[in-house]
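Participant: below: sequence and its predicted model.
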Amino acid sequence: MRILGIDPGFERLGISVLEKKENGAKECMIFSECFKTSSSLDFAERLHLIGREVRKIIKKYKPEVLSIETLFLNTNQKTVMRVAEARGVVIYEAIQAGLRIFEATPLQIKIATTGFGRADKIQMMKMVKILVDVDKFKTSDDELDAIAIALTAFAHMRG
């Protein structure tokens, strides 16, 4: 099974595609990147670019499931609204392609990745690199978060 993991954002979108073979072997990373849009672009154009990138990745890697993080409300309402719009574009593209949707909370992601719901960013990143063979030069938090989000879907789909 292949899972597309997305750490949603409109400036930076963490993207990963993980695969797990039927024989129960550990998940392997097929693809990952941090897709960026320029702040000089109109917001609608940024959403268009996000949708186009997600569509391209779905077409190329053929995942069966989209695993995407739910929103964590912070004090900046404008940012939350814009990230929600970016999430909508990603979910739309996934549904158009026939993918199942799995949404994970930050707590679920931390528990699935580290076993501890209050894990910090450093603990999360260390565990992602242990659980999946990740290129040591991949240091983008967004990209590593997308891998953790995909791992969470695998953990929940086992049960």
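Facilitator: That came through fine.

Participant: what score does the most centrally placed residue in the chain have for pLDDT?
Facilitator: Centroid-nearest residue in the chain: I6, 1.9 Å away (criterion: CA atoms, centre = their mean). Here the pLDDT value assigned to I6 is 98.

Participant: again with the one 4 residues further on
Facilitator: At F10 the predicted local confidence, pLDDT, stands at 94.

Participant: what is the neighbour count of it?
Facilitator: 20 (other CB atoms under 10 Å). C-beta here means a position set from N, CA and C on the backbone, and glycine is covered the same way.

Participant: secondary structure element holding M29?
Facilitator: Here M29 sits within strand 28-36, counting by DSSP states H and E.

Participant: after that strand, next one along is what?
Facilitator: Next along the chain after strand 28-36, taking DSSP H and E as the criterion, comes helix 43-61.

Participant: the helix or strand that comes right after that next one - contacts with which helices or strands?
Facilitator: The element immediately downstream of helix 43-61 (helix or strand, assigned by DSSP H and E) is strand 65-69. For strand 65-69, the elements it packs on are strand 2-7, helix 77-96, strand 100-104, helix 141-158, judged by 3 or more CB pairs under 8 Å, 6 or more residues apart in numbering; DSSP states H and E.
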